[in-house]
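# need a structure here:
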Amino acid sequence: MCPPSYYGHLCQYQNQRIGLTLRLSSIDRHATYAFVIMLIDDNDQEQKIDA
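Residues are numbered from 1 along each chain as shown. This is a model prediction of the structure:
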């Protein structure tokens with residue numbers, strides 16, 4: 001049985017999780033926001049998440 005942060009037949013894969021909480025306050029309630037989150041792994045490969 002693998003520890004919670006690992007998975008796979010031989011526990012060879014690592015599962016990592018990032019938690020992020022944002023709180024916005026604005027006087028203009030009709031404002032539009034765009035969020036871009038970039039995750040960079042050990043090999044400098046970028047994974048972008050646009051929301």
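# so where is the protein shaky, pLDDT-wise?
Where the chain drops to pLDDT under 70, the residues are 49-51.
# residue nearest the centroid of this structure?
Within the chain, the residue whose C-alpha comes closest to the C-alpha centroid is Ile18; the distance, by Cα atoms, centre = their mean, is 5.1 Å.
# Could you pull up the residues touching it?
Contacts of Ile18 were listed using Cβ atoms under 8 Å, 6 or more residues apart in numbering, and they are Leu39. From N, CA and C alone the C-beta is placed, and that goes for glycine too.
# phi, psi of the closest residue to Gln47 other than its chain neighbours?
With sequence-adjacent residues excluded and distances taken as Cβ to Cβ, 6 or more residues apart in numbering, Gln47 is closest to Leu39, at 4.4 Å. Taking degrees, to the nearest 10, you get phi -110, psi 130 for the backbone angles of Leu39.
# quick one: contacts for Leu39?
By Cβ under 8 Å, 6+ apart, the contact set of Leu39 is 18, 46-49.
# Among these, find me the one that's closest to His30.
Within those, the smallest distance to His30 is 24.7 Å, found for Ile49 (Cβ to Cβ).
# Report how many residues lie close to the closest residue to Leu22 other than its chain neighbours.
Spatially, and ignoring its direct neighbours in sequence, Leu22 is nearest to Phe35 (7.7 Å; Cβ to Cβ, 6+ apart). As a burial measure, the neighbour count of Phe35 was computed by other Cβ atoms under 10 Å and equals 9.
# Same check on Tyr7?
Counted by other Cβ under 10 Å, the residues lying close to Tyr7 total 13.
# Could you report the separation of it from Gln45?
Taking Cβ to Cβ, to the nearest Å as the measure, Tyr7 falls 20 Å from Gln45.
# got it, and Tyr13?
With distances taken as Cβ to Cβ, Tyr13 is found 16 Å from Gln45.
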